[in-house]
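Return a 3D structure for these sequence lines:
(chains A and B, ligands or ions: 2)
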Amino acid sequence: MRIEVQQLSAKIHRTPLLKAISLAIESGELFGLVGPNGSGKSTLMRCLAGLQRPAAGRVLADDSDLARMPARQRARRIALVAQQADTTERLTVRQAVELGRTPYLSPLRGWGQADGAAVERALATVEMTGFADRLWHTLSGGERQRVHIARALAQDPELLLLDEPTNHLDIRHQLSLMAVVRELPITRIVALHDLNQAAVCDRVGVMRGGRLVAAGPPHEVLNEALLAEVFGVAATRHAAPDGTPRLHFSHAL
Amino acid sequence: MTMVAVPTRIEARRSIWLAPCLLGLTILAGTAIGETRLPFETVLQTLANHLWGAGYAVDGIDAGIIWSYRLPRAIVAACCGAGLALTGVVLQALLRNPLADPYLMGLSAGASTGAVLVTVAGVGGGAVSMSLGALSGALLAFGCVVLLAHAVSGGAGGGRAAQSAAAIILAGIAGSQMFNALTAFTIARSANAEQARSIMFWLMGNLSGIRWDDVGPCVAVSLMGVALCLWHRRGLDAFTFGADGAASLGINVRVLRGSLITATAVMVGVLVSKVGAIGFVGLVVPHAMRFLVGTRHDRLVPASALAGAVFLVAADVISRIIVPGQVLPIGVVTALVGAPAFALILVRGART
Ligand SMILES: Nc1ncnc2c1ncn2[C@@H]1O[C@H](COP(=O)(O)OP(=O)(O)OP(=O)(O)O)[C@@H](O)[C@H]1O
Ligand SMILES: [Mg+2]
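Ligands and ions are numbered 1, 2, ... in the order given. Predicted coordinates:
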């Protein structure tokens, strides 16, 4: 799905959180979103998921206005893994992933085989099949994160929004998750704090103070000058053994 | 009470038949048991006479007790139990708060104010019944709480959903306090000791005034509640990870939350106006049922409705027979029986 953001502004209680963001993300693209804490990444994600109505501007999903799209329709096309979402309910991993099928079910249309298959596929993708019958509250933070991603995948979305999906994950699962995300054939927008992870995206957008200050291929955008200005860190770029550029952060400015 | 395993699909289908049978038996038991001992045969004969004109010779007073007094009472008790338990399920799910109970939105406080204004302060000049006063009070309090919650959460479309759940709870507390104060004020100003005692009694829950006239509205609202909750079972499930989680699953949070909370408020308003504010059922039965049948609302909704109904009919029977010559407020029984049961369930649940 192609997604286009036009002059998007968002407010909460008259505090502007996003200011005139314009951005187009092509179908099938992996777009990284980086920026310091509080720069508005999660807020932009919420707008893209239709959870927050823009104060001005609009979001177009394949040329149809997101604000006019019925919620169910939207949830079949866009899935969001929020930065933090927890529950005290005693439900199993499988039940949590089954929630992803909600937009396909109605009071009269019950659970079908296709729904079960989607859930199994999603569990397998995040390597949680063996955990399917575990209770949610017995999972570690990283396992919960993977279940959230499985739930989003069970929605069969055309656009997957991941807000800091590698949070809580150990290094192997960080790498394998990013590998999974890279392989998905759909449009993906991923908010990340690890700038080296962002480097595997097709393009990255840099946010600061509610504005999108740069967007483009990672190696062009994430240069020393921008890192110093936006993140306030001194960074140098050097080639990793495999030849790809890596960022090395020496100190805060 | 045993910990049953999560039922399979076949068991679920069987329980569709089990539920009405169990409900029927409970109401029959509620009709048969009472302070005046009546032979079970008489009970069945009386019911047969009224239901299909069987024409058995039954003593008129006995028949009156059974048909005009005990049966409507048992039916209304079942409706109240089901309605209160359902409302607890709905509010706990939508507001993501395990302590949410049916009176959270100021309904019992408003009902007591309405009832007291009619009975003690003489509002309406005798033309308005206490029940109507209580219903109006409950709905008025609910309206105030909704407006207040709306003002607190800013009424903004962009507001975060979790904040508006907190706003609803806080507004409910504020609204309840205010209407409780109004009730206390009215009683202090104009009630005598006897009136104050009878109001206290009513507030703890009282089914003794129930007649056939009351059955219709109670059955109607509780059937509506069951149907609505079953219809929205997946929407309720979607709130597992909070209102934002539900929204990203395609649930229109405002519409669903607004309509379910309003519908259950009307239901509880009607029930409270008939029997007073029976505590405990709405808070505890949903938790108990979550332990027994799981958190999914396709099972939780019918299980809670059934368990609430059975529990309240049983509590009513106990309240009538436990102290000879005296009827305890049913709210006392629900708390005395329910609290240990709840503790037991919690302890057992924690061990699994
Ligand atoms: N409900 C709210 N009310 C007021 N301000 C808010 C609210 N939610 C977020 N903000 C503010 O909006 C700004 C952007 O928040 P957002 O969560 O989008 O940042 P972020 O880029 O995702 O940060 P992080 O990297 O820490 O996740 C922050 O300054 C935050 O304090
Ligand atoms: Mg964030």
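
Quick check: residues of the stretch 151-253 of chain A near chain B?
Proximity of the stretch 151-253 of chain A to chain B, by Cβ under 8 Å from any Cβ of the partner chain, involves residues A:Gln155. Heads up, the C-betas are built off the backbone N, CA and C, glycines and all.

for the residue of the stretch 151-253 of chain A found nearest chain B, what are its contacts?
Residue nearest to chain B within the stretch 151-253 of chain A: A:Gln155 (7.5 Å; Cβ to the nearest Cβ). Residues counted as contacts of A:Gln155 (Cβ atoms under 8 Å, 6 or more residues apart in numbering or on different chains) are A:75-76, A:79, A:100-101, A:103, B:249.

Just the buried ones from these?
Among the contacts of A:Gln155, those classed as buried by 16 or more other Cβ atoms under 10 Å in any protein chain shown are A:75-76, A:79, A:100-101, A:103, B:249.

quick one: contacts for the residue of the stretch 51-200 of chain A found nearest chain B?
Using Cβ to the nearest Cβ, A:Ala75 is the residue of the stretch 51-200 of chain A that sits closest to chain B, at 2.8 Å. Shown in contact with A:Ala75 (Cβ under 8 Å, 6+ apart): A:102-103, A:155, B:248-251.

So which of those residues are in helices?
Judged by DSSP state H, helices contain the following of those: B:Ser248.

Keep only those of the contacts of A:Ala75 that are in strands.
If you go by DSSP state E, these have nothing in strands.

Out of the contacts of A:Ala75, which two sit at the greatest distance?
Taking Cβ to Cβ as the measure, the contacts of A:Ala75 span a maximum distance of 12.7 Å, between A:Gln155 and B:Ile251.

follow-up on the earlier one: adding pLDDT and distance to B:Leu207, write the buried ones among the contacts of A:Gln155 out as CSV.
Formatted as CSV, the buried ones among the contacts of A:Gln155 follow (pLDDT from 0 to 100; distance: Cβ to Cβ, whole Å):
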residue, pLDDT, distance to B:Leu207
A:Ala75, 95, 45
A:Arg76, 95, 48
A:Ala79, 96, 49
A:Gly100, 95, 45
A:Arg101, 95, 43
A:Pro103, 95, 44
B:Leu249, 95, 41
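
Identify the farthest-apart pair in these.
A:Ala79 and A:Arg101 (11.4 Å).

ok so, going back, pick the one among the contacts of A:Ala75 closest to ligand 2.
Taking Cβ to the ion as the measure, B:Ser248 is the one of the contacts of A:Ala75 closest to ligand 2, at 15.0 Å.

ok, the closest one - contacts?
Residues in contact with B:Ser248, defined by Cβ under 8 Å, 6+ apart, are A:49-51, A:75, A:78-80, A:82.

Could you do A:His251 as well?
A:233-234.

Would you verify that it is located in a helix?
No - in this structure, A:His251 is strand, not part of a helix, as judged by DSSP: H, G, I helix; E, B strand; the rest coil.

For it, give its distance to B:Pro102.
When distance is defined by Cβ to Cβ, to the nearest Å, A:His251 is 58 Å away from B:Pro102.

Could you do B:Ala265 as well?
From B:Ala265 over to B:Pro102 the distance is 9 Å, taken as Cβ to Cβ.

Looking at those two, which is more packed in?
B:Pro102 (29 against 25; other Cβ atoms under 10 Å in any protein chain shown).

Can you tell me the SS state at that one?
coil.

For the residue of chain A positioned farthest from its centre, list the residues it contacts.
In chain A, the residue that sits farthest from the middle, by Cα atoms, centre = their mean, is A:Leu108; the gap is 31.8 Å. Not one residue lies near A:Leu108 by Cβ under 8 Å, 6+ apart.

Show me where the stretch 151-300 of chain B dips below the pLDDT cut-off.
When residues are selected by pLDDT under 70, those of the stretch 151-300 of chain B lie in B:154-162.

Can you show me the helices along it?
Secondary structure of the stretch 151-300 of chain B (DSSP state H, counting those that start in this stretch): helices at B:161-190, B:193-203, B:212-231, B:233-238, B:242-248, B:253-275, B:281-293, B:297-321.

Quick one, which of the ones you listed gets closest to A:Ile189.
Minimum separation from A:Ile189 across the helices of the stretch 151-300 of chain B (Cβ to Cβ) falls at helix B:242-248, 13.7 Å.

and the stretch 201-350 of chain B, which residues reach ligand 2?
Contact residues, the stretch 201-350 of chain B versus ligand 2 (Cβ under 5 Å from the ion): none.

OK, now which residue of the stretch 201-350 of chain B is nearest to chain A?
When scored by Cβ to the nearest Cβ, the stretch 201-350 of chain B has B:Gly250 as its residue closest to chain A, at 2.8 Å.

how close does that residue sit to A:Ser106?
Distance from B:Gly250 to A:Ser106, by Cβ to Cβ: 11 Å.

Have a look at the two and say which one is more surrounded.
B:Gly250 (25 against 11).

Wait, that one touches A:Thr102, no?
Yes - B:Gly250 is in contact with A:Thr102 according to Cβ atoms under 8 Å; the separation is 6.3 Å.
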